[in-house]
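Would you be able to build a 3D model of this:
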Amino acid sequence: MTTTPATAVPGSSPAASASQGSTNPNGILGQNDFLKLMIAQLQAQNPLEPGNTNEFLNELAQITQVEQITNLATSNQLSSAVNLIGHNVTYTLNGEVKSGAVQSAQSSASGVTVTVAGESGINLQAITAVE
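Prediction:
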């Protein structure tokens, strides 16, 4: 299959593409980004040389698998965080070692965090000890 490189999604301006780059600083493509790229490829392909639909379906299946694995990992992290509720933990925040009882667990787009002794937003990676 031959495709032309797409520098921007059709219907978007270069300025919009540049501003989109700032919303994704790590350069990680999500499922919606993949679908936009796939649609752009389909719109740009030569009608006399259609692309292989099996390739698109395989790519879509792979992105779905990655999303499911990511969801499973997040679920496991949330389960671990919930198991910490009521336990005393030691954690490092801004270079300072603190400790306290875990009060709650939260899951957001930025990841799984816990609230320790009234201090919310503590990443699980910051926890160094559990009692």
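
surely Val82 meets Gln103?
No: contact criterion CB atoms under 8 Å: Val82 and Gln103 do not qualify, at 11.6 Å. C-beta: built from backbone N, CA, C; applies to glycine.

Looking at the helix or strand hosting Ser107 now, give me its mean pLDDT.
Secondary structure from DSSP states H and E places Ser107 in strand 96-108. Average pLDDT, strand 96-108: 93.

What count of nearby residues applies to Ala117?
13 (other CB atoms under 10 Å).

Verify the stated contact: it with Gln103.
Yes: here Ala117 reaches Gln103: they are 7.3 Å apart, a contact under CB under 8 Å.

Name the residue most distant from the centre of this structure?
Largest separation from the mean C-alpha position in the chain: Leu48, at 37.4 Å (CA atoms, centre = their mean).

Helix, strand or coil: sort out that residue for me.
Under the three-state scheme (DSSP: H, G, I helix; E, B strand; the rest coil), the conformation of Leu48 reads as coil.

try the one 10 residues further on
Assigned by three-state DSSP, the conformation of Asn58 is helix.

for the one 4 residues further on, same thing?
Reduced to three states with three-state DSSP, the structure at Gln62 is helix.

Against Ser104, how distant is it?
35 Å (CB to CB, to the nearest Å).

mind listing the strands for this protein?
88-93, 96-108, 111-116, 119-123, 127-130 (DSSP state E).

which of those is buried the deepest?
strand 111-116 (a mean of 21; mean count of other CB atoms under 10 Å).
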